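got a predicted model here, sequence first, then my questions.
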Amino acid sequence: MGLFFLVFFVQAQDQEKFVDTTALMILDKMSGVIGELKSVGFKSTIARDVAYSDDFYIKEFTSSKVKITGPNKFSIRVLGEHKDDLYAYNGSQVIYYSFKNNIYTVADAPDNLIETVDWLYTDFNIEMTTADVLYPSFATDLVDNMDFVEFLGVTHIDGEQVYHIGAANERMTVQIWVSADAYYLPRKTLITYLEGKYAHQHETNFTDWEMNQQYPEQIFEFLPPPGARQITWMKQD
Amino acid sequence: MKAKNIKLTLLLMGLVGMLIIPQMVEAQRMRGGGARGGGMARPAASRPAPSRASSHTAQHVNRPATRQDVRSRPANSSSRATINGGASRATSSRSNNSRVANMSGNRSGNNMGNRTTTGNRVNIDNSKNVNVNVNNRNNYNIRNTRNVAYRPPYRPYPRPPMIWGGVGFYCFRPYYYHPFTPFYWGPMWHPWGFFIATLATTAIIVSVENEKYHYDEGVFYQESDGGYVVVEAPQGATVKVIPSDAQTVEVSPTVNNYYYGGTFYEKDNGEYKVVAPPAGATVNKLPEGAEEVKVGDQTYVKYGDTYYQPVQVDGDEGYEVAQVEPVEGDD
């Protein structure tokens, strides 16, 4: 299940659903391509609204470089507000390392990617929102959770042709832009959360896709840099 | 072993050298020609390259032999189809040990200290008294389940908490990470779990909730087999004297507490009473026994059940006692 759906699960009620098959076919094609990949890499930049104080949201920017090898390895480098982190998963453990503070934490992890991403969220509250589009059930989850799914047309982002898809339910709207080339990879997602005092947004941009590259397995193993200290990783009850 | 390594390295260097500097090969040929003909304009001897080339040739001829007596390698690693069949290690491969804990005190992982931690922070049940395990000193329970992790601040928090795991961490000052180094208060002070055979004559006996403690110089002890073990200071205990180098900590404009060795004291009728850490107060040293924990995106220092947020106080590094309260689920 997509992470943004985990939190906002909507019971299928007697809502009138409007689902545009064009939109679904594009999403299926996208998921189909992703489902065939043995390894994938990309860069993502995230801009999201964060509550700073009661009536004041600020926007925080993060960028990541992601490398994933199926079935159970990833290496994610995250640069953001006050953080410069690495998450490395080698099939049996996830290690978090902070370049900024030279500390690291280690936890034993499940042996496959999907469970590990879910486990990182439920146990440690680590959201890997860029992983949502990589879930095998992305298209079906979208249909299940949204009341409206519609193909909104062809447009351009940075000179590149993209298909624009919109989806909505009472709690949020989701827009996805899928590249209109042979690969149908996601270019951008924008989620607008409608609940809470103010609507707030979470935008992700995907660039520099690498597909089926053979990443050396060693890059997913973590060696503590000199002077790095291991600390305890708290998990949620 | 080392000599062979160096030889091999040189070999490889030479090999690479031969690949990327084709004129070396040329030089060899030229030199051969020069020696034979003698009529070459170029003075072969003054060029450094020829002499190097000759050592190359020597190595080159020997190469198959030296290769064979290099330490044992898999004969044919080409099953991996990598450029060199796979590197051989100079060190033994290391593993990382998982270290995870959850907030109610249950720990898992390979790197557990000798201390045992008990569960709930708010537990006034008298049946859960401090246990004495006479046979094994290392399992001695040095935590006090009656202690509370913090007491609320005198003024409300202006900023929203950091929310994680259904719990909000409230602080007045912004998060500012600095590495944790345990502070040592001097020869009379000891961390929890420390065993001492006899106490100084200045030690007094303090009784709290039907439990007997011994107190000396800012440290609380309980009897254990053959001696005394340092335990967590019981809140509510009253002592007459605290060490002179205790730090004054402002709790509110009208109330001060005293801080020494990880324990907070409040002056009460001329005596000093052990109190829960006041949320919002700052200290700049935390004892051994405190550990850094990663909570969501931030790293706190946890001492007992109290979370300290690393902050800056007047440009110096300090720790603020955090209020940790369950919050309503949101975003």
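Yep, it's here. Numbers count the residues shown, from 1 in each chain, chains lettered A, B, ... in the order given.

what about B:Thr198, neighbour count?
8 (other Cβ atoms under 10 Å in any protein chain shown). Every residue, glycine included, has its C-beta placed from N, CA and C.

surely it meets B:Gly227?
Yes. Here B:Thr198 reaches B:Gly227: they are 7.0 Å apart, a contact under Cβ atoms under 8 Å.

and the residue of chain B closest to chain A?
When scored by Cβ to the nearest Cβ, chain B has B:Gly165 as its residue closest to chain A, at 3.1 Å.

residue contacts, that residue?
With contacts defined as Cβ atoms under 8 Å, 6 or more residues apart in numbering or on different chains, B:Gly165 is in contact with A:125, A:234-237, B:103, B:295-296.

can we see that at 7 Å?
B:Gly165 makes contact with A:125, A:236-237, B:103, according to Cβ atoms under 7 Å, 6 or more residues apart in numbering or on different chains.

go on, B:Ile196?
Neighbours of B:Ile196 in contact, by Cβ under 7 Å, 6+ apart: B:190, B:227-228.

which SSE is immediately downstream of the helix or strand containing A:Met25?
For A:Met25, the enclosing helix or strand under DSSP states H and E is helix A:21-35. Using DSSP H and E, the helix or strand that follows helix A:21-35 towards the C-terminus is strand A:39-53.

need the pLDDT of residue 150.
Using chain A. At A:Glu150, the model reports a pLDDT of 95.

let's do chain B instead
We have a pLDDT of 90 for B:Tyr150.

show me what the residue nearest to A:Thr130 when sequence neighbours are not counted is bridged to.
The shortest distance from A:Thr130 to any non-neighbouring residue, by Cβ to Cβ, 6 or more residues apart in numbering or on different chains, is to A:Ser44 (4.5 Å). In this entry, A:Ser44 is beta-bridged to A:Ser64, A:Phe206, by DSSP bridges.

and the pLDDT at A:Ser44?
94.

is it true that A:Glu195 touches A:Thr173?
No. The pair A:Glu195 / A:Thr173 is not scored as a contact, 11.7 Å apart, by Cβ atoms under 7 Å.

number of nearby residues for the nearest residue to A:Asn90 once chain neighbours are set aside?
Nearest residue to A:Asn90, sequence neighbours excluded (Cβ to Cβ, 6+ apart): A:Phe220, at 4.5 Å. Counted with other Cβ under 10 Å, residues neighbouring A:Phe220 total 19.

distance of the closest residue to B:Arg159 other than its chain neighbours from A:Glu36?
In this structure, B:Arg159 finds its nearest non-sequential neighbour in A:Ser53, 5.7 Å apart by Cβ to Cβ, 6+ apart. Plainly put, A:Ser53 is 46 Å away from A:Glu36 if you go by Cβ to Cβ, to the nearest Å.

now swap in A:Phe74 and tell me
18 Å.

and the two? Which one has more around it.
A:Phe74 (25 against 9).

give me the distance between the more buried one and A:Tyr87.
Counting by Cβ to Cβ, the gap from A:Phe74 to A:Tyr87 is 7 Å.

need the contact list for the residue nearest to A:Asn90.
A:73-75, A:88-90.

tell me where the chain has helices.
You didn't say which chain, so I picked chain A. A:3-7, A:21-35, A:113-124, A:138-145 (DSSP state H).

the chain in question should be chain B.
Using DSSP H, helices in chain B cover B:2-20, B:22-37, B:48-68.

how deep is whichever residue of chain A sits closest to chain B tucked in, by neighbour count?
The minimum distance from chain A to chain B, using Cβ to the nearest Cβ, falls at A:Gln236 (3.1 Å). By other Cβ under 10 Å, 16 other residues sit near A:Gln236.

would you agree B:Tyr170 is in contact with B:Tyr157?
Yes. With contact defined as Cβ under 7 Å, B:Tyr170 counts as touching B:Tyr157 (4.7 Å).

ok, those two, which is more surrounded?
More crowded of B:Tyr170 and B:Tyr157, by other Cβ under 10 Å: B:Tyr170, with 22 against 15.

contact partners for that one?
Contacts of B:Tyr170 by Cβ under 7 Å, 6+ apart are B:157, B:161, B:322-323, B:325.

among the contacts of B:Gly165, which has the minimum pLDDT value?
Scoring the contacts of B:Gly165 by pLDDT puts A:Asp237 last, at 75.

mind checking how far it is from B:Val100?
Taken as Cβ to Cβ, the span from A:Asp237 to B:Val100 is 12 Å.

looking at those two, which is more packed in?
The neighbour count for A:Asp237 versus B:Val100, taken as other Cβ under 10 Å, is higher for B:Val100 (20 against 11).

show me what from the stretch 1-150 of chain B comes close to chain A.
Neighbours of chain A within the stretch 1-150 of chain B, by Cβ under 7 Å from any Cβ of the partner chain: B:96-104.

per-residue pLDDT of the residue nearest to A:Asn90, please?
Model confidence at A:Phe220, expressed as pLDDT, equals 94.

ok, now B:Val25?
On the pLDDT scale, B:Val25 is placed at 42.

quick one: end-to-end distance for stretch A:127-143.
22 Å (Cα to Cα, to the nearest Å).

I meant stretch B:180-198, not that one.
32 Å.

strands of the stretch 101-250 of chain B, start to end?
Ranges of strands in the stretch 101-250 of chain B, per DSSP state E, counting those that start in this stretch, are B:107-109, B:162-164, B:167-170, B:195-196, B:204-208, B:211-216, B:219-224, B:227-231, B:238-239, B:247-252.

sorry, slip of the keys, the one I care about is chain A.
A:18-19, A:39-53, A:56-69, A:73-80, A:83-89, A:93-98, A:103-108, A:148-157, A:160-168, A:172-179, A:186-193, A:200-211, A:229-230, A:232-235 (DSSP state E).

so can I have TSV of the ones you listed showing distance to B:Arg146?
Converted to TSV, the strands of chain A look like this (distance: least, Cβ to Cβ, whole Å):
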stretch	distance to B:Arg146
strand A:18-19	59
strand A:39-53	36
strand A:56-69	41
strand A:73-80	42
strand A:83-89	38
strand A:93-98	35
strand A:103-108	31
strand A:148-157	56
strand A:160-168	53
strand A:172-179	46
strand A:186-193	43
strand A:200-211	43
strand A:229-230	32
strand A:232-235	23
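
hmm, back to that, next, the buried residues of the helix holding A:Met25.
A:23-24, A:26-31, A:34 (16 or more other Cβ atoms under 10 Å in any protein chain shown).

then stretch B:155-171?
Neighbour count says stretch B:155-171 has B:161-165, B:167-171 buried, by 16+ other Cβ under 10 Å.

mind giving me the domain split of chain B?
Domain assignment for chain B by automatic domain parsing gives B:2-68, B:125-326.

and those, which one averages the lowest pLDDT?
Minimum mean pLDDT among those: domain B:2-68, a mean of 46.

next, the distance between the ends of stretch B:247-258.
One end of stretch B:247-258 sits 6 Å from the other (Cα to Cα).

which residues touch that stretch?
If you take Cβ under 7 Å, 6+ apart as the criterion, stretch B:247-258 is touched by B:154, B:242, B:246, B:259-260, B:264-266, B:272, B:275, B:278, B:281, B:283.

try it again with 10 Å
By Cβ atoms under 10 Å, 6 or more residues apart in numbering or on different chains, the residues outside stretch B:247-258 that reach it are B:151, B:153-155, B:218, B:242-243, B:246, B:259-260, B:263-267, B:272-273, B:275-285, B:321.

neighbours of the nearest residue to B:Pro152 once chain neighbours are set aside, how many?
Counting by Cβ to Cβ, 6+ apart, the nearest residue to B:Pro152 once its immediate chain neighbours are dropped is B:Ala279, at 5.8 Å. Residues near B:Ala279, counting by other Cβ under 10 Å, number 24.

contacts only, for the most centrally placed residue in chain A.
Residue closest to the mean C-alpha point of chain A, counted by Cα atoms, centre = their mean, is A:Thr130 at 1.7 Å. Going by Cβ under 10 Å, 6+ apart, A:Thr130 touches A:3, A:42-46, A:62, A:64, A:66, A:76, A:78, A:186, A:189, A:204-206.
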